[in-house]
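Q: Here is a sequence together with a model predicted from it:
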Amino acid sequence: MKSKNLIVGGVLSAAIMSSMVACKPKSASEAVSGGAAEKAYVAPGKYDQFYNFVSGGFSGQLSVYGLPSGRLLRVIPVFSVDPEKGWGYSEESKPMLNTSHGMVPWDDLHHTELSQTNGEVDGRWVFGNANNTPRVARIDLKTFRTAEIIELPNSAGNHSSPFITENTEYVVAGTRFSVPMDNANGDVPISTYKQNFKGTLSFISVGQEGNMDIAFQIQCPGVNFDLSHAGKGKSHGWFFFSCYNTEQANTLLEVNASKNDKDFIMAVNWKKAEEYIKAGKGKKVPVKYAHNVWDDKTHTAKSVIKNEVLVLDAKELQDICYMIPCPKSPHGCDVDPTGEYIVGSGKLAALIPVFSFDKIQKAIADKTYEGQYDGINVIKYEAALHGEVKKPGLGPLHTEFDGKGNAYTSFFVSSEVVKWNIKDLTVLDRVPTFYSVGHLCIPGGDSKKPFGKYLIAYNKITKDRYLPTGPELSQSAQLYDISGDKMQLILDFPTIGEPHYAQAAPAELISKNSTKIFKIGENQHPYVAKGEAETKVVRNGKDVHVYITAIRSHFAPDNIEGVKVGDNVYFHVTNLEQDWDVPHGFAVKGANNGELLIMPGETSTLKWVPEKVGIYPIYCTDFCSALHQEMQGYVRVSPAGSNVPLTYSIGKTAPENESSK
Amino acid sequence: MKKQFLLLAFAATLYACGGSSTTTTQSSSESAEAPKTESAETAAPASTESYDPHRGEGKFTAENVNVGATLDANMATEGDKIQGVKCSSCHKLSDERLVGPGWKGVTERRKPEWIMNFITNPDPMIDKDPEVQAQLEICLVRMPNQSLSDNEARSILEFMRKNDGVK
């Protein structure tokens, strides 16, 4: 009762404060108007209305927040190892991080994209891209786990990714750092960029059950491909990529790639590309890339290295790619829900050009070109242009849509979000962000059917917004209510890593499918122990396989002897629980490794190579019951040449005449 | 609580703005209701009555659990397999306690429907059944819900009967 009063009191004073501000808005730090606390408040025990899938940037992971509360629900490990969850540490998960360069423990996840059916968010998967060692990941929204990762050959800096077509036919990837093709001689002077460096666009097909495959790549001039979005509705069959550094500079890009008044949006007719592939115009090019797939039945990932990819040449096949001039280093490339309008955001521009799909089609039909760029037809700017939003702000970056005919664009330099009407291009509202906003997200905001209601701004700088934590500060998200005519800031929340693009979807689309347990009867792990009767310890040369089970609150076996220094000990831990929210953890003293976190019905393996003689405790790391502190065991490690027999037991106490050895 | 909250928030607005406005009357977050707990979902049809310590709580009753006079040996064998995976980590077949009590004699102490309810719907029964609560004080580990299907539960019951000497 006391705490209830406290909560009410707190809310009351917050309400008073915010109401006062509503009467007399003052400075930026008080730019929260009345009712904000109520709008973002989700009472204890209540669920949020939306899941928000936020890229973790240089953390390499994907974080899941609830909206409108901004509560962090989960961090899903994707491209970076995560010892907390055993990701990249368990034997089963290591293949997920395999690449043609071997195991890569880190990456930079920039953008998220939810799968779609008929242009609408369907809640099956969310995709993420790796910017450093180019890859695309598919995360299963039943298990909230990374289910598949595919590497991209002939690429560097996979930035314009992982955007999808309206039925998730393809997820695309474009190369930000053009480089020589993988099978060309890469040992060339960097200054030969113009001759030797190429950009590729990858079209990764996605099957009904996932199963990504690189259907084809389009080889393009060497520029920086930045962002992209698929056409939809009438423009389904087309993809749009922003490109900068059309100067083809290889040094001091800050200056040298900012010279041209206009760079390009590249329009790609991927249906045409499909026709060419069918007609046999693709060239098989030798490459090396990894395809890694997680299996929920074996609870194990497999990595396969593939050796070939089909490449189409944009110069040879003239009617796949078209360049549309776009002012000053375009960044965001966003298509409105109708598929008619393509918004290019020149990050150094002071206007926003909006292109018309119909006009682009007409210009191509009439050949209204102003010339060619490196062999690719360039459509006249005016011929493709629907119109320009004049003086919207400084440094436009990204645009999302509310499905009501409005667009919302972020402005990095002027730290604001501007709402404007797509048809008549008039500015309707603007709100400040704190500070230096990058991406925006409206639930379903890049689909045919945005859910609207909220807009989230992902800020690069937080400076004075939170209690200081030394030189490094958390980045932040800011939540705006966009249900009315005016945008209203209602919440700040800190984010992990650096958030770039994010997506959100109504909770019920996803929560109803959430996996609670893995059925132990369906576990096909080769080292599973289905019940304590199947537990054992088996030596095979220097490899010792421990088939061990966990249930509240003991391991079986929990006493193991006969392990020797230098053995490869594999603990295959099966969690026998069949109840929701009862993972067990597993750790062993001195292991140069992470822990395991084993879900109900799952088997996971921790490898340990003991280096010193002694007694090594093992224990459960995840508080599981009142007797969790009792959930432990011992492994005896003997010298390399020892003849202590391999034994294992549980519940066996010392016989009366036992002499200690 | 919600009403109280709204009232206070509204009062605060009135106070702060001298009654001139407006903004805070919108309903406090339309957050989705968290679904009710499993125990409530699977509760017996007659859950308005107080807890029945002979039947337990769940979907099983004396009417829908049919136990034969003799053992169904095939079903008992099936039950043995299932208990080996899902139960034997904590229960011995003798009367000796491991994590939970041994199984010897359980079919004599408990009605079939009570056993069926308890192994398929343990959480509410651990909270309500006086004897289970007394047991919890000894064992200290709440029996986990092992997601048994109705058929699996019935097979385990048959195996328990076999363990208790039914032929």
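A: Nice, thanks for sending it over.
Q: which residues in the stretch 251-400 of chain A form helices?
A: A:253-256, A:270-278, A:357-365, A:381-384 (DSSP state H, counting those that start in this stretch).
Q: Nearest to A:Lys460, out of those?
A: helix A:253-256 (16.9 Å; Cβ to Cβ). All C-beta spots, glycine's among them, are computed from the backbone N, C-alpha and C.
Q: neighbours of the nearest residue to A:Arg636 once chain neighbours are set aside, just the number please.
A: Computed as Cβ to Cβ, 6 or more residues apart in numbering or on different chains, the closest residue to A:Arg636 that is not its neighbour in sequence is A:Glu561, at 4.2 Å. When neighbours are defined as other Cβ atoms under 10 Å in any protein chain shown, A:Glu561 has 18 of them.
Q: OK, contacts around A:Asp82?
A: Taking Cβ atoms under 8 Å, 6 or more residues apart in numbering or on different chains, we find A:Asp82 in contact with A:61, A:75, A:88, A:594.
Q: What pLDDT is listed against the last one?
A: Okay, so that is A:Gly594. On the pLDDT scale, A:Gly594 is placed at 97.
Q: what's the answer for the first one, then?
A: Looking at A:Gln61, its pLDDT stands at 98.
Q: Assign residue 136 to helix, strand or coil.
A: As the question left the chain open, I've gone with chain A. strand (DSSP: H, G, I helix; E, B strand; the rest coil).
Q: Oops, wrong one, chain B.
A: helix.
Q: what about the residue lying closest to it once chain neighbours are set aside, how many residues close to it?
A: The spatial neighbour of B:Leu136 that comes closest, neighbours along the chain excluded (Cβ to Cβ, 6+ apart), is B:Ile126 at 6.2 Å. The number of residues packed near B:Ile126 is 17, by other Cβ under 10 Å.
Q: so which of the helices of the stretch 251-400 of chain A comes closest to chain B?
A: Nearest to chain B among the helices of the stretch 251-400 of chain A is helix A:357-365; the distance by Cβ to the nearest Cβ comes to 36.2 Å.
Q: ok, residues contacting the closest one?
A: With Cβ under 8 Å, 6+ apart, helix A:357-365 has contacts from A:231, A:234-235, A:238, A:267, A:319, A:322, A:324, A:339-342, A:368-369, A:379-380, A:383-386.
Q: tell me which residues in stretch B:106-119 are buried?
A: B:106-107, B:110-119 (16 or more other Cβ atoms under 10 Å in any protein chain shown).
Q: what's A:Lys142 sitting at in phi/psi?
A: A:Lys142 has phi and psi values of phi -80, psi -40 when expressed as degrees, to the nearest 10.
Q: Isn't it up against A:Lys512?
A: No - applying Cβ atoms under 8 Å, one finds A:Lys142 not in contact with A:Lys512, separated by 10.1 Å.
Q: Neighbour count: these two, which is higher?
A: Set A:Lys142 next to A:Lys512 and count neighbours by other Cβ under 10 Å: A:Lys142 wins out with 14 against 9.
Q: Against A:Gly210, how distant is that one?
A: Distance, A:Lys142 to A:Gly210, using Cβ to Cβ, to the nearest Å: 11 Å.
Q: With A:Lys359 instead?
A: Distance from A:Lys359 to A:Gly210, by Cβ to Cβ: 37 Å.
Q: Low-confidence ranges, the stretch 501-650 of chain A, go.
A: Along the stretch 501-650 of chain A, no part satisfies pLDDT under 70.
Q: Make TSV from the contacts of A:Asp82 and add distance to A:Ile190 to it.
A: Below are these laid out as TSV (distance: Cβ to Cβ, whole Å):
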residue	distance to A:Ile190
A:Gln61	32
A:Val75	38
A:Gly88	33
A:Gly594	39
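Q: Nearest to chain B among those residues?
A: A:Val75 (21.9 Å).
Q: Enumerate every residue touching that closest one.
A: Contacts of A:Val75 (Cβ under 8 Å, 6+ apart): A:56, A:59, A:61-64, A:82, A:496.
Q: Quickly find the element holding the residue nearest to B:Leu136.
A: helix B:122-128 (DSSP states H and E).
Q: by contact count, what packs against that helix?
A: helix B:38-41, helix B:130-139 (3 or more Cβ pairs under 8 Å, 6 or more residues apart in numbering or on different chains; DSSP states H and E).
Q: and those helices as JSON lines, adding mean neighbour count?
A: Compiled in JSON lines, the helices and strands packed on helix B:122-128 are given as follows (neighbours: other Cβ atoms under 10 Å in any protein chain shown):
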{"stretch": "helix B:38-41", "mean neighbour count": "13"}
{"stretch": "helix B:130-139", "mean neighbour count": "13"}
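Q: Tell me the secondary structure at B:Arg161.
A: From three-state DSSP, the assignment for B:Arg161 is helix.
Q: Surely it touches B:Ala73?
A: No - using Cβ under 8 Å, B:Arg161 is not in contact with B:Ala73; the gap is 10.6 Å.
Q: Out of the two, name the residue with the larger neighbour count.
A: Remark: of B:Arg161 and B:Ala73, B:Arg161 carries more neighbours, 24 against 11, as counted by other Cβ under 10 Å.
Q: Need the nearest residue in space to the more buried one, chain neighbours excluded.
A: According to Cβ to Cβ, 6+ apart, the nearest residue to B:Arg161 is B:Thr107 (5.1 Å).
Q: Just to check, that neighbour is in contact with B:Ile115?
A: Yes - between B:Thr107 and B:Ile115 there is a contact at 7.1 Å, judged by Cβ under 8 Å.
Q: which neighbours do these two share?
A: Common neighbours of B:Thr107 and B:Ile115 (Cβ under 8 Å, 6+ apart) are B:157, B:160.
Q: if I pick the residue nearest to B:Leu136, what's in contact with it?
A: With Cβ under 8 Å, 6+ apart, B:Ile126 has these contacts: B:132-133, B:136, B:142-143.
Q: so what's the residue most central in space within chain A bridging to?
A: Note on chain A: the residue nearest the mean C-alpha position is A:Gly128, at 3.1 Å, using Cα atoms, centre = their mean. When bridges are called by DSSP bridges, A:Gly128 pairs up with A:Thr112, A:Ala137.
Q: can you pull the contacts of it?
A: A:55, A:62, A:78-79, A:109, A:111-112, A:136-137, A:139, A:162.
Q: Mind doing that once more with 10 Å?
A: A:53, A:55-56, A:60-62, A:76, A:78-79, A:107, A:109-113, A:135-139, A:146, A:149, A:161-162, A:501 (Cβ atoms under 10 Å, 6 or more residues apart in numbering or on different chains).
Q: Distance of it relative to A:Val287?
A: From A:Gly128 to A:Val287 the distance is 22 Å (Cβ to Cβ).
Q: swap in A:Arg124?
A: A:Arg124 is 29 Å from A:Val287, by Cβ to Cβ.
Q: Repeat that for A:Glu247.
A: 28 Å.
Q: Looking at these two, which is more packed in?
A: Ranked by neighbour count (other Cβ under 10 Å), A:Glu247 and A:Val287 place A:Val287 first, with 21 against 17.
Q: what's the pLDDT at the closest residue to the more buried one other than its chain neighbours?
A: Distance criterion Cβ to Cβ, 6+ apart; nearest residue to A:Val287, sequence neighbours excluded, is A:Pro153 at 3.5 Å. As predicted, A:Pro153 sits at a pLDDT of 98.
Q: what do you get for the one 5 residues further on?
A: According to the model's per-residue confidence, A:Asn158 sits at a pLDDT of 97.
Q: and what of A:Asn211?
A: Confidence score, pLDDT, at A:Asn211: 95.
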